[in-house]
Each structure stands twice: as C-alpha cells, then as structure tokens.
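S.K.: let's see this in three dimensions:
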Amino acid sequence: MSAPDGSPVGAERSIGQLFASATAEMSALVHDEIALAKAQLKQDVKRGATSGGAFSAAGVLLLFSLPMLNFALAYGIRTWSHWNLAICFLLSFAANVLVAVVLALIGVVFAKKAKKGQGPQKVAASMKETAGVLQNAKPHPRPELPQDDVRAIEAAVGRSSS
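M.R.: Alright, predicted model coming up:
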C-alpha cells in the first residue's frame, strides 16, 4: 500500500511530498464537489422539465380535446341516459376539466420538487465550509532552537554567522 505520491504509507515523507499530497487531495475534493453540483443541477433541471411538460400536456389536452371529446362524450351520455343534449355537453366538458386539473396538479407537485432542490446551494455551502477550514488552518508551532544549536547547524552547513 502506498500514499497518493507513491511513497510507502508510514514512511517518513518530506514537507514537499506532504504538500504535494495535500494539494492533490484538495484538487480531487474540488473536482468531486463540482461533479456533485453538476449532478444535482441536472436532477433539478429534469424535475423542472417534467413540470413544464405536465403543464404543457394539460394545456394541449384541454385545448385540442374539447371539441371532439365533447361531442363524442355528449352524444354517448345522451344515448346512455336520454337526458337533454345540453346537460350531456356540460358533463363532457366537466370531465375534460377534471383531467386537465389532475395534470396541472402533477405539474405543481413536480414544480415544488424542483424548487425545493437546493443541490447547487448545498455544494456551494460545503465548498465555503471547506475554504473556511483551510483559511483557519495554522501550522503546528515549532519549538525555537537555542542560539548555540542555530550556530552549530549553520557551521555544519558551511555558513558562518556574524
């Protein structure tokens, strides 16, 4: 098993390797957040399209079916019940309105679901939270070396302090 940069897990890694690993993981996190936002936005768009389609279907049904369906239904009711033809036409119209209302209610349900969909807003809030955590991150405090140790290190490196 190895770390993302290829070094074995548990092995001593340099600060550069740790920084590169953290940068790679942050990049992957940002890409995953963007992919999540796209997926949630796509779902919200589908719900909106379904809502619009249902409203359109209700309107088209009501518009185009009224003349033909009213005549057929009215004459069918008249044949079945022997009622006055005007009452039969009113009943057939009421049946068409009832179907249109059901389709409109389906459209309202999907429109509410699309409006409730807060996918991109959730992802944006998550990204802001991640950015806030990173901005508040502070390096671990390092103990200060005594001056004698600093001089010894500089001498070992080949530099002289004045």
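S.K.: and residue 7, what pLDDT?
M.R.: Residue 7 is assigned 56 on the pLDDT scale.
S.K.: okay, now the unreliable bits of this protein?
M.R.: Within the chain, the ranges that satisfy pLDDT under 70 run 1-11, 117-120, 123, 133-162.
S.K.: assign the residue nearest the centre of it to helix, strand or coil.
M.R.: Geometric centre of the chain, nearest residue: residue 40, 2.1 Å, by CA atoms, centre = their mean. Secondary structure for residue 40, judged by DSSP: H, G, I helix; E, B strand; the rest coil, is helix.
S.K.: what's the helix or strand for the nearest residue to residue 126 once chain neighbours are set aside?
M.R.: Leaving out its chain neighbours, the residue that sits closest to residue 126 by CB to CB, 6 or more residues apart in numbering is residue 33, at 6.4 Å. The C-beta positions use only the backbone N, C-alpha and C, and glycine is treated the same way. Of the helices and strands defined by DSSP states H and E, residue 33 is found in helix 15-81.
S.K.: and after that helix, which helix or strand comes next?
M.R.: Following helix 15-81 in sequence, per DSSP H and E, is helix 85-116.
S.K.: hang on, the earlier thing: which strands or helices does the helix holding residue 33 pack on?
M.R.: With contacts taken as 3 or more CB pairs under 8 Å, 6 or more residues apart in numbering; DSSP states H and E, helix 15-81 sits against helix 85-116, helix 119-136.
S.K.: pull out the buried positions in the longest one.
M.R.: If I follow you right, that is helix 85-116. 88-89, 91-92, 96, 100, 103-104, 106-107, 110-111, 114 (16 or more other CB atoms under 10 Å).
S.K.: which residues touch the closest residue to residue 50 other than its chain neighbours?
M.R.: Excluding the flanking residues, the one nearest residue 50 by CB to CB, 6+ apart is residue 110, at 4.8 Å. Neighbour list for residue 110: 47-48, 50-51, 54 [criterion: CB atoms under 8 Å, 6 or more residues apart in numbering].
S.K.: can you verify residue 12 is assigned to a helix?
M.R.: No: the assignment for residue 12, made by three-state DSSP, is coil rather than a helix.
S.K.: tally of neighbours for it?
M.R.: Using other CB atoms under 10 Å, residue 12 has 7 neighbouring residues.
S.K.: offset the numbering so it begins at 26, please.
M.R.: Happy to do that; since the first residue is 26 now, the last one works out to residue 37.
S.K.: great, nothing more from me.
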